[in-house]
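J.: show me the folded form of this:
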Amino acid sequence: MRALPMAETPSVQRWLTLIGIGEDGPAGLGDEAKRLIASAPMVFGGARHIELMQPLITGEVQTWLSPFEKSVDAVLALRGKPTVVLASGDPFFYGVGATLSRHIPASEMMVIPAPSSFSLAASRLGWPLQDVTTLSLHGRPIDLIRPHLHPGRKILALTSDGEGPAALAALLLATGFGQSTLTVLEALGGPQEKVSQQKAVDFALGDINDLNICGIEVKADESARILPVIAGLADELFEHDGQITKREIRAMTLSALAPRRGELLWDIGAGSGSIGIEWMLADPSLRAIAIEASSERAARIRRNASNFGVPGLTIVEGEAPGALAGLATPDAIFIGGGGSDAGVLDVAISQLKSGGRLVANAVTTQMEAILLIEHARRGGSLVRIDIARAAPVGRMTGWRPAMPVTQWSWIKP
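T.: Numbers count the residues shown, from 1 in each chain. I've put the predicted structure just below:
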């Protein structure tokens, strides 16, 4: 696949038109959109889009190919020739426009959007869209909704098919949100539009149109699994075998890692995956790779990632430094386990981007000695973290200290 140069030339003007359409077909379009479709020598779109616009189309049609990259190449091959792409609603809101804009400059496109399914759903429900969480679960893991399940929250979730609403209801019930109200809005804007509402715990709707979006008014039971929005989640929320960066240390570690939008983290010796998981929870644009030598722990990390709503966490099963070969270059690295093994720290430092951050925690004297040497050699920040927790001492209470942690933080020049 090739991207077109981003500079507009006199010979290549706005040749590509993206037209958003609704379930009402041509009736919902303005005169200019109708004219552009009717005069286009080539029209691209999904099978449903082509069928809806068939009364207007006079040129050749091309339905989307699989994989979709083939269709992008087909569009690019027509550069300079009048071409229309049909899309659902707003092409730039979880739509084809987002994909095409990575290859075609905006100066070569004309876009005529229609209301998105989110806008239509919000208008039917009377929900101010700016106060609503909007999620596309179309072709994506349903677990992505988990971090957004907070009492009183309103969520609009676009599903993949007619089975999606029932799957959402089942997830709500399983995570302690069974009393949440689930509104299923089908085929919005068209003659088959239908709106139904049930509690998740009582959900029994069937024969749901594949084109649907779900409105969720979140209500939590006493047992609800609510994920706080701040770093340092309770250890009990994670499945682990004791190999976990404890809550207070984890909060300080994530603060030192200082995630920024779009960045990639390597979590070396990931254990339960808690650092990589909380890194990804900080912002949807963040990515993480968990490197773990134990197959049992790697499987546990995978379960934790799903349960925390970050199924996109990449898990590499293998022992560092060998397992680090060929991985995407990281913006930040955390070393929590295996850092004292030969070559791990050296390889991590060599692979880190210039300006990237490295944070390493030590609980053993061997690892601490390595960090002291690195701090003396490279600089950075060295912190000793001592945590004590109140615990019973006979009939009274005293402080029980945890193992101290030495933390080295460093920014690569």
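
J.: pick out the residue nearest the middle of the chain.
T.: Centrality entry for the chain: nearest residue to the mean C-alpha point is residue 284, 4.5 Å, by CA atoms, centre = their mean.

J.: tell me who's in contact with the closest residue to residue 212 other than its chain neighbours.
T.: Closest residue in space to residue 212, ignoring its immediate chain neighbours: residue 186 at 4.7 Å, by CB to CB, 6 or more residues apart in numbering. Heads up, the C-betas are built off the backbone N, CA and C, glycines and all. Contacts for residue 186 (CB atoms under 8 Å, 6 or more residues apart in numbering) come out as 192, 193, 194, 195, 196, 208, 209, 211, 212.

J.: how about a cut-off of 6 Å?
T.: 194, 209, 212 (CB atoms under 6 Å, 6 or more residues apart in numbering).

J.: now swap in residue 282 and tell me
T.: Here residue 282 is in contact with residue 259 (CB under 6 Å, 6+ apart).

J.: now do 8 Å
T.: Neighbour list for residue 282: 231, 254, 259 [criterion: CB under 8 Å, 6+ apart].

J.: relative to residue 233, how far out is it?
T.: 12 Å (CB to CB, to the nearest Å).

J.: all strands for the stretch 51-200 of the chain, in order.
T.: 60-63, 83-88, 109-112, 133-136, 154-158, 181-186, 194-199 (DSSP state E, counting those that start in this stretch).

J.: just these: most buried one?
T.: Of all the strands of the stretch 51-200 of the chain, strand 83-88 has the most neighbours on average by mean count of other CB atoms under 10 Å, namely a mean of 24.

J.: which other residues reach that strand?
T.: Under CB under 8 Å, 6+ apart, the answer for strand 83-88 is 15-22, 36-37, 40-46, 49-50, 53, 75, 91, 95-97, 100, 117.

J.: from these, list the buried ones, please.
T.: 16-22, 36-37, 40, 42-45, 49-50, 53, 75, 91, 95-97, 100, 117 (16 or more other CB atoms under 10 Å).

J.: flag the least confident of the contacts of residue 282.
T.: Across the contacts of residue 282, the smallest pLDDT goes to residue 231, namely 92.

J.: can you give me the end-to-end span of stretch 47-64?
T.: 8 Å (CA to CA, to the nearest Å).

J.: next one: stretch 286-295 to chain centre, how far?
T.: The gap between where stretch 286-295 is centred and where its chain is centred comes out at 17 Å by CA atoms, centre = their mean, to the nearest Å.

J.: what mean pLDDT does that stretch have?
T.: Mean predicted confidence for stretch 286-295 is 97.

J.: swap in stretch 392-410?
T.: Mean predicted confidence for stretch 392-410 is 95.

J.: quote the end-to-end distance of that stretch.
T.: Start-to-end, stretch 392-410 (CA to CA) is 39 Å.

J.: setting aside sequence neighbours, what's the nearest residue to residue 96?
T.: That would be residue 87: by CB to CB, 6+ apart, it lies 4.8 Å from residue 96.

J.: swap that for residue 200, please
T.: Counting by CB to CB, 6+ apart, the residue nearest residue 200 is residue 172, at 3.9 Å.

J.: can you give me the distance of the one you found to residue 228?
T.: Between residue 172 and residue 228 the computed distance is 19 Å (CB to CB).

J.: check residue 41 too.
T.: Where residue 228 is concerned, residue 41 sits at a distance of 55 Å (CB to CB).

J.: what helices or strands is the one helix or strand residue 48 maps to leaning on?
T.: Using DSSP states H and E, residue 48 sits in helix 47-53. With contacts defined as 3 or more CB pairs under 8 Å, 6 or more residues apart in numbering; DSSP states H and E, helix 47-53 has these neighbours: strand 16-21, strand 42-45, strand 60-63, strand 83-88.

J.: which helices and strands does the second one pack with?
T.: Other elements packing on strand 42-45 under the criterion 3+ CB pairs under 8 Å, 6+ apart are helix 47-53, strand 60-63, helix 68-76, strand 83-88.

J.: centre of the chain to that strand, how far?
T.: That offset, for strand 42-45, works out to 30 Å (CA atoms, centre = their mean).

J.: residues contacting residue 56?
T.: Per CB under 8 Å, 6+ apart, neighbours of residue 56: 26, 34, 37, 38.

J.: could you find the closest non-adjacent residue to it?
T.: residue 37 (4.6 Å).

J.: I'd say the one you found and residue 43 touch.
T.: Yes. In this structure, residue 37 is within contact of residue 43 by CB atoms under 8 Å, at 6.5 Å.

J.: find residues that contact each of those two.
T.: Looking at what touches both residue 37 and residue 43 (by CB under 8 Å, 6+ apart), the common residues are 53, 57, 84, 86.

J.: hmm, back to that, make TSV from the helices and strands packed on helix 47-53 and add distance to residue 407 and mean pLDDT to it.
T.: What follows is those, written out as TSV (distance: least, CB to CB, whole Å; pLDDT from 0 to 100):
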stretch	distance to residue 407	mean pLDDT
strand 16-21	50	97
strand 42-45	53	98
strand 60-63	55	96
strand 83-88	49	97
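
J.: format these as a markdown table; extra columns: distance to residue 301.
T.: Below are the helices and strands packed on helix 47-53 laid out as a markdown table (distance: least, CB to CB, whole Å):
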| stretch | distance to residue 301 |
| --- | --- |
| strand 16-21 | 40 |
| strand 42-45 | 40 |
| strand 60-63 | 40 |
| strand 83-88 | 36 |
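
J.: so where do the strands sit in the stretch 301-413 of the chain?
T.: 314-317, 332-335, 357-362, 381-385, 388-393, 396-401, 405-411.

J.: who's in contact with the last one?
T.: By CB under 8 Å, 6+ apart, the list of residues contacting strand 405-411 from outside reads 249, 252-253, 256, 355-363, 367-368, 371-372, 374-375, 378-385, 387.

J.: rewinding a little: most neighbours per residue, which of the strands of the stretch 301-413 of the chain?
T.: Taking mean count of other CB under 10 Å, strand 332-335 is the most buried of the strands of the stretch 301-413 of the chain, at a mean of 27.
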